[in-house]
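[1] structure for the following, please:
(one chain, ligands or ions: 2)
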Amino acid sequence: MMSAQQMLKVFVTRRIPQEGMKILQKAGMCNLSVWDSDEPVPRAELLKGVAGAHGLLCLLSDKVDAEVLDAAGPNLKVISTLSVGFDHLAIDEIKKRGIRVGYTPDVLTDATAELTVALLLATARRLPEGVEEVKNGGWSTWKPLWLCGYGLSGSTVGVIGLGRIGLAIARRLKPFGVKRLLYTGRQPKPQAQEVDGEYVPLDTLVRESDFVVVSCSLTPDTQGLCDKTFFSKMKKTSIFINTSRGAVVNQEDLFEALSSGQIAAAGLDVTTPEPLPTNHPLLTLNNCVVLPHIGSATYSTRGVMSELTANNLLAGLTGSEMPSELKL
Ligand code: NDP
Ligand code: DGY
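    Ligands and ions are numbered 1, 2, ... in the order given. Reported below is the predicted structural model:
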């Protein structure tokens, strides 16, 4: 056990699953300060809370930039984020200061891929519209031309970013009878063989896919990738799905593509901003299904993410090997 003076200050920016908190408490080396709420920590409180901290446990909704790092000061050794995405972290600034970063790859891959498949099917087969019609009396009888959508059997699926989650999505979609599986990325992936994936230019993927699934990370290259030009190349019968980050999509252009019939439908688990304002134009469309960023939201996944985030943080504090360290 460390003495009170030796305890390392750790700021936790949100209430997190107890699995992680127990690990931090049991370690007996952290003087824990927690923003004890389910809502994001206000910026001013983040700047105050992080001051003098040795460790920061944060979420994807916390923008960790030079201002936060300056507010933390020279003690800060480790930032551990409860996410696999790290676009909220100013990596260059973090690297410059010699701070280590922990994140949560792999443990949320299955849950996120599962949710992506659920969203794709819900969007393509118009489940939210159907549920609504049952409730509002719109269901008058069985009608041959009513609430028809699109099926996966015999289709071409295009995955933008065949990383951990992209591959897990492809694996799950193939057994639905997908005929061709196209993918793009920075380079071909040997693991694509497993799903008979064809590495193609983005232009080919967008033009030929019946389902375009975005599962890449958000980077300067992918920011705004899905814009007017992108949607104009998609088939009128195609479905667009995004479970990566909202900023990969130009939402005004998506609205235009959906409302003009340029594409058939879209399913989004991620938006800009989050939450999407309830009066946002996308929410007026029947052919747009929006979920509140719940890709990894299973009880067990969030528990394991919490554990991993805590263990990454402790390893960063003690200068030992992290279970999942982001290579900077
Ligand atoms: P990976 O790093 O394994 O995969 C990211 C993929 O994006 C890589 O294959 C990478 O390709 C690809 N990529 C990068 N730049 C481009 C580009 N310009 N064009 C096409 N592809 C590109 O990460 P994960 O699969 O684990 O996670 C992916 C993302 O999913 C996360 O960054 C996060 O934003 C999001 N996510 C969302 C969740 C949700 O709740 N909706 C849950 C979990 C994650 P290459 O390998 O060639 O560099
Ligand atoms: C992530 O981990 O990046 C997701 O967006 C939430 O699990």
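[2] any idea how far the residue positioned nearest the centre of the chain lies from ligand 2?
    Central residue of the chain (C-alpha atoms, centre = their mean): residue 244, 4.4 Å from the mean position. Note on residue 244: its distance to ligand 2, by C-beta to the nearest ligand atom, to the nearest Å, is 8 Å. Where you see a C-beta, it was placed from the backbone N, CA and C, and this is true even at glycine.
[3] okay, now the unreliable bits of the protein?
    Across the chain, residues meeting the criterion (pLDDT under 70) sit at 1, 4-5.
[4] at 90 what do you get?
    Along the chain, the model assigns pLDDT under 90 to residues 1-6.
[5] residue numbers of it in contact with ligand 2?
    Counting by C-beta under 6 Å from any ligand atom, the chain comes close to ligand 2 at 60, 83, 84, 85, 104, 108, 295, 296.
[6] please identify which of the residues you listed is nearest to ligand 1.
    Lowest distance from ligand 1 to the residues of the chain next to ligand 2 (C-beta to the nearest ligand atom) belongs to residue 295, with 2.3 Å.
[7] let's see which of the residues of the chain next to ligand 2 end up in helices.
    Judged by DSSP state H, helices contain none of the residues of the chain next to ligand 2.
[8] what about ligand 1: which of those residues touch it?
    Filtered for proximity to ligand 1 (C-beta under 6 Å from any ligand atom), the residues of the chain next to ligand 2 shrink to 84, 85, 108, 295, 296.
[9] stretch 171-189: end-to-end distance?
    Separation of the first and last residues of stretch 171-189 by C-alpha to C-alpha, to the nearest Å is 14 Å.
[10] and that stretch, how far out from the chain middle?
    Remark: stretch 171-189 is offset 19 Å from the chain centroid, using C-alpha atoms, centre = their mean, to the nearest Å.
[11] re the thing from before, would you format the ones next to ligand 1 among the residues of the chain next to ligand 2 as a markdown table with neighbour count included?
    Shown next, in a markdown table, are those (neighbours: other C-beta atoms under 10 Å):
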| residue | neighbour count |
| --- | --- |
| 84 | 23 |
| 85 | 18 |
| 108 | 25 |
| 295 | 25 |
| 296 | 24 |
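[12] ok, now how distant is residue 92 from ligand 1?
    Separation of residue 92 from ligand 1 (C-beta to the nearest ligand atom): 17 Å.
[13] oh sorry, the question was meant for residue 242
    For residue 242, the distance to ligand 1 - C-beta to the nearest ligand atom - is 8 Å.
[14] residues touching the residue nearest to residue 151 when sequence neighbours are not counted, list them.
    With sequence-adjacent residues excluded and distances taken as C-beta to C-beta, 6 or more residues apart in numbering, residue 151 is closest to residue 124, at 7.1 Å. For residue 124, the contacting residues are 149, 150, 151, 152, 211, 239, 265, by C-beta atoms under 8 Å, 6 or more residues apart in numbering.
[15] same thing but at 7 Å, please
    Residue 124 sits next to 149, 150, 239, 265 when contact means C-beta atoms under 7 Å, 6 or more residues apart in numbering.
[16] I'd like those as CSV, with secondary structure and distance to residue 251 appended.
    Output for the contacts of residue 124, formatted as CSV (DSSP: H, G, I helix; E, B strand; the rest coil; distance: C-beta to C-beta, whole Å):
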residue, secondary structure, distance to residue 251
149, coil, 23
150, coil, 22
239, strand, 17
265, strand, 15
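[17] just give me the closest of those residues to ligand 2.
    residue 239 (21.2 Å).
[18] ok so, going back, mind checking the backbone torsions on the residue nearest to residue 151?
    phi -70, psi -30 (degrees, to the nearest 10).
[19] what's the answer for residue 50, then?
    According to degrees, to the nearest 10, residue 50 has phi -80, psi -10.
[20] hmm, the strand or helix carrying residue 117 touching ligand 1?
    Here residue 117, judged by DSSP states H and E, is contained in helix 109-124. Yes: interface with ligand 1: helix 109-124 contributes residue 112 (C-beta under 6 Å from any ligand atom).
[21] over to stretch 218-226?
    Yes: shown here: stretch 218-226 in contact with ligand 1 (C-beta under 6 Å from any ligand atom) through 218, 219, 221, 222.
[22] packing partners of the strand or helix carrying residue 9?
    Assigned by DSSP H and E, residue 9 falls within strand 8-12. Judged by 3 or more C-beta pairs under 7 Å, 6 or more residues apart in numbering; DSSP states H and E, strand 8-12 is in contact with strand 30-34, strand 55-58.
[23] all set, thanks.
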